[in-house]
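**Q** give the three-dimensional model of this entry:
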Amino acid sequence: MFLTEDQHREGQDPAFLLNSSFSQDSGLAPRAVYRNLAPAELYEKALHFEPGTHVVSSGALATESGKKTGRSPKDKRVVRECAFEKDIWWGKYSPNYMMDDRTFLANREAAIDFLNSLERIYILDGYACWDPECRMKIRIVTSRAYHALFMHNMLIRPTKEELANFGEPDFVIYNGGAFPANKYNNFMTSSTSIDISLKHREMVILGTQYAGEMKKGVFTLMHYYMPRRGVLSLHSGCNMGSTGDVTLFFGLSGTGKTTLSTDSKRPLIGDDEHCWGPNGVFNIEGGCYAKAIKLRRENEPDIYDAIRFGTVLENVTFDPETREVNFDDGSVTENTRASYPIHYIKNAHIPCIGGHPRNIILLCCDAFGVLPPVSKLSLEQAMYHFISGYTAKVAGTEDGITEPEATFSACFGGAFLMWHPMKYAAMLADKMQQHGTHAWLVNTGWTGGKYGVGQRMSIKHTRAIIDAIHSGELEKAQYTETAIFHLRVPTSCSGVPAAALQPEQQWPNRSDFYETLVKLGGMFLKNFEHFHDGDAFVGEEMCKRIMSGGPVLPANADSDCPNNMQIIAAAGANGVSKVYKDAAANGAVEAY
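**A** Here you go, the predicted model:
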């Protein structure tokens with residue numbers, strides 16, 4: 001059967017939408033509504049109504065996100081509301097930029113007016129969180145079929161029966177991203193605005209069509225709502241062994257998180273967003289959002305083979321005749337992406353739920369070359385390094401970088417946090433202690449010297465280390481302790497030369513090694529000044545415990561940071577925040 005122009009469906013019964021309290025409050029009254037269309041029909045709508053959309057040779061839908069090809073974290077706003085403001089982490093180093101309710105409602109009205117003016121809109125009703133006890137109903141309202149297909153992939157898809165009984169959503173995202181925000185309004189810094197109101201249980205997107213804003217908007221919500229339930233939200237990958245042992249992988253871009261968490265011997269629970277609750281871990285999402293730049297089947301076969309019919313490819317280029325995608329081309333953006341349902345991964349564990357983690361692996365790419373390839377962390381060190389979220393940029397990756405540059409992202413996902421980082425860290429330690437979970441710091445960066453002098457850690461050695469963690473070998477190993485960071489390093493590991501485990505033995509000059517180690521320790525301490533107000537969220541004692549897990553510089557170290565032990569010793573009954581303020585007054589740390 002072939003559909004002619006006048007045989008295309010002209011919307012569905014809008015009663016489910018018009019009767020919603022959200023729609024009645026916001027004034028949403030669209031001309032035509034398409035709810036939870038199948039991918040094939042979303043393809044048709046996108047190809048028919050959205051210029052720049054094509055089907056490529058693999059069957060995936062290639063589309064363009066417009067001017068914005070990545071998230072706009074500086075344009076994210078959280079409404080400061082009486083019922084929630086004491087929970088939210090505000091301030092100079094917080095990702096939560098404040099706005100008032102009046103401005104939020106003005107932006108919502110702009111988005112609603114835009115959506116109401118269109119010939120058609122798309123609704124996607126789906127779930128966040130695989131654990132039924134934590135599941136939240138999310139409604140997406142958008143102008144683009146591409147966005148609806150994207151969120152069809154990223155949320156957990158309801159059955160027909162579940163959709164028929166969906167009822168009122170728990171949260172609504174109004175994506176009016178094709179319409180700009182008024183940059184002259186209060187709290188606006190540009191024509192892009194991504195606004196969250198916990199009171200209204202709504203999110204508004206203006207001035208960006210980048211689909212990742214919806215995915216990370218849901219994740220930000222989980223970072224607020226889940227901790228209120230005693231459930232820890234985490235920016236991590238997760239897989240499971242044949243005996244049911246679960247591992248969480250944390251790591252920023254370039255650390256190897258995707259590569260190391262994708263293991264043919266260990267089914268994948270999820271690649272990016274998880275929660276740890278009373279019954280174990282579970283994926284928040286129903287899909288994956290993988291980087292596509294320089295994608296190769298030989299390197300990442302699971303991701304490559306997932307790019308087929310139903311997958312959304314963002315901002316890629318392709319041969320106009322063969323429609324073969326050129327994954328090496330970053331001319332539009334280096335942030336090319338592929339969105340697909342998680343069941344497209346052959347080794348996915350569905351439902352995406354596992355037991356309590358046996359191991360937590362914090363990945364870093366240390367371009368200074370001083371951290372060991374693997375070390376076992378105490379609870380205090382696990383909290384400290386989890387909050388630090390360390391990796392390093394290397395020379396040549398960005399203009400102006402000639403030396404390795406330390407990069408920190410709180411809890412390995414600083415842009416999405418709602419509570420103070422110490423809140424998440426304290427919850428992590430509590431769950432680790434309760435369930436006997438081990439924490440490891442794994443360095444996939446440089447050894448034998450900094451970037452440009454030493455060499456990159458062998459991926460073969462790193463995989464051997466991960467295997468030894470999973471087998472339990474490293475739990476039983478003998479350990480030595482490093483200087484400054486006081487990390488416990490195993491003296492042996494199958495498949496890794498003993499000398500390679502000790503970074504100082506790889507450097508030709510021990511004095512240079514120690515000087516660089518002290519320098520990196522100072523960077524960690526300087527970064528931790530951002531969290532000086534944590535005692536207001538977790539209490540003074542927990543704050544001191546967390547800080548005790550950091551590096552300790554020698555008394556004569558050339559650093560503008562106070563020694564952690566000096567801070568802790570001075571804290572006493574005065575509290576950590578006061579000690580930081582006293583240190584600032586004395587010129588030891590930057591004042592706030």
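**Q** got the buried residues for the lengthiest helix in the chain?
**A** Ordering each helix of the chain by length in residues (DSSP state H) puts helix 510-528 first. Across helix 510-528, burial judged by 16 or more other C-beta atoms under 10 Å covers 513-514, 516-528. Placement of C-beta: from N, CA and C, glycine included.
**Q** quick check, nearest of those residues to Leu232?
**A** Phe528 (20.7 Å; C-beta to C-beta).
**Q** the closest one against Ser548, yeah?
**A** No - the criterion here is C-beta atoms under 8 Å, and Phe528 misses it with Ser548 at 11.6 Å.
**Q** quickly list what's touching both of the two.
**A** Common contacts of Phe528 and Ser548 (C-beta atoms under 8 Å, 6 or more residues apart in numbering): Tyr384.
**Q** pLDDT weak spots in this protein?
**A** Scanning the chain for pLDDT under 70 picks out 1-9, 395-402, 557-592.
**Q** where do the helices of the stretch 251-400 of the chain begin and end?
**A** 257-261, 301-306, 379-388 (DSSP state H, counting those that start in this stretch).
**Q** ok, which of those helices comes nearest Trp507?
**A** Here helix 379-388 is closest among the helices of the stretch 251-400 of the chain (C-beta to C-beta), at 22.2 Å.
**Q** in contact with the closest residue to Val489 other than its chain neighbours, which residues?
**A** In space, and not counting its chain neighbours, Val489 is closest to Pro372: 4.6 Å by C-beta to C-beta, 6 or more residues apart in numbering. By C-beta under 8 Å, 6+ apart, the residues touching Pro372 are Leu441, Asn443, Thr482, Leu487, Val489, Leu501, Gln502, Pro503.
**Q** can you give me the offset of the helix or strand the first one falls within from its chain's centre?
**A** The one in question is Leu441. Counting by DSSP states H and E, the element that carries Leu441 is strand 438-443. Offset of strand 438-443 from its chain centre (C-alpha atoms, centre = their mean, to the nearest Å): 19 Å.
**Q** with just CA atoms, put it into PDB.
**A** C-alpha atoms of strand 438-443 as PDB (Å, rounded to 0.1, in the frame of the first residue of the first chain):
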ATOM      1  CA  HIS A 438      35.400  -2.100  46.400                       C
ATOM      2  CA  ALA A 439      36.500   1.100  44.800                       C
ATOM      3  CA  TRP A 440      39.400   1.400  42.400                       C
ATOM      4  CA  LEU A 441      41.200   4.300  40.700                       C
ATOM      5  CA  VAL A 442      42.400   3.200  37.200                       C
ATOM      6  CA  ASN A 443      44.600   5.500  35.200                       C
END
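**Q** C-terminal to that strand, what's the next element?
**A** strand 446-447.
**Q** within its sheet, name the partner strands of whichever helix or strand comes after that next one and how each one runs.
**A** Once the chain leaves strand 446-447, the next helix or strand it forms, by DSSP H and E, is strand 455-456. According to DSSP bridges, strand 455-456 has the following sheet partners: strand 446-447 (antiparallel).
**Q** from the rest of the structure, what touches the partner strand?
**A** Asp366, Ala367, Phe368, Gly369, Pro373, Gly454, Gln455, Arg456, Met457, Ala500, Pro503, Gln506.
**Q** once you drop chain neighbours, what's closest to Val325?
**A** Closest to Val325 by C-beta to C-beta, 6+ apart is Phe318, at 4.7 Å.
**Q** could you do Met154 as well?
**A** Gly287 (4.6 Å).
**Q** from what I can see the one you found touches Arg337, true?
**A** No - counting by C-beta under 8 Å, Gly287 stays clear of Arg337, with 11.6 Å between them.
**Q** compare neighbour counts for these two and give me the winner.
**A** Each of Gly287 and Arg337 has its neighbours counted (other C-beta atoms under 10 Å); Gly287 has more, 29 against 24.
**Q** Gln24 versus that one, what's the distance?
**A** From Gly287 across to Gln24, the span is 31 Å (C-beta to C-beta, to the nearest Å).
**Q** likewise for Val33?
**A** From Val33 to Gln24 the distance is 15 Å (C-beta to C-beta).
**Q** so which of these two has more stuff around it?
**A** Higher neighbour count among Val33 and Gln24: Val33, with 19 against 11, using other C-beta under 10 Å.
**Q** once you drop chain neighbours, what's closest to the more buried one?
**A** Nearest to Val33 is Pro14, by C-beta to C-beta, 6+ apart, at 4.5 Å.
**Q** how near is the one you found to Leu260?
**A** Distance from Pro14 to Leu260, by C-beta to C-beta: 47 Å.
**Q** ditto for Glu85
**A** For Glu85, the distance to Leu260 - C-beta to C-beta - is 39 Å.
**Q** between these two, which has more neighbouring residues?
**A** A count of neighbours by other C-beta under 10 Å puts Leu260 above the other of Glu85 and Leu260, at 22 against 13.
**Q** okay but the more buried one is in contact with Ala464, surely?
**A** No - under the criterion of C-beta under 8 Å, Leu260 makes no contact with Ala464, lying 11.7 Å away.
**Q** beta partners of Phe249?
**A** Going by DSSP bridges, Phe249 forms beta bridges with Gly237, Ile361.
**Q** next, count neighbours for it.
**A** 26.
**Q** quick check: it touching Ser261?
**A** Yes - the pair Phe249 / Ser261 is scored as a contact, 4.3 Å apart, by C-beta under 8 Å.
**Q** hey, what's in contact with both of the two?
**A** By C-beta under 8 Å, 6+ apart, the residues touching both Phe249 and Ser261 are Gly237, Cys238, Asn239.
**Q** give the contact list for the residue lying closest to the second one once chain neighbours are set aside.
**A** Closest residue to Cys238 in three dimensions, ignoring its sequence neighbours and counting by C-beta to C-beta, 6+ apart: Ile269, at 4.1 Å. Under the criterion of C-beta under 8 Å, 6+ apart, the neighbours of Ile269 are Cys238, Asn239, Met240, Val246, Val281, Phe282, Asn283, Ala348, His349, Cys352, Ile353, Gly354.
**Q** so which of those are in strands?
**A** Cys238, Asn239, Met240, Val246, Val281, Phe282, Asn283, Ile353, Gly354 (DSSP state E).
**Q** separation between Ser190 and Asn509?
**A** For Ser190, the distance to Asn509 - C-beta to C-beta - is 48 Å.
**Q** more crowded one of the two?
**A** Using other C-beta under 10 Å, the more surrounded residue of Ser190 and Asn509 is Ser190, with 13 against 9.
**Q** part of a strand, is the more buried one?
**A** No - according to DSSP: H, G, I helix; E, B strand; the rest coil, Ser190 belongs to no strand; its state is coil.
**Q** against Met99, how distant is it?
**A** Counting by C-beta to C-beta - Ser190 and Met99 are separated by 14 Å.
**Q** what packs against the host helix or strand of Leu124?
**A** Using DSSP H and E, Leu124 maps to strand 121-128. Using 3 or more C-beta pairs under 8 Å, 6 or more residues apart in numbering; DSSP states H and E as the contact criterion, the elements in contact with strand 121-128 are strand 33-35, strand 136-142, helix 145-154, helix 212-228.
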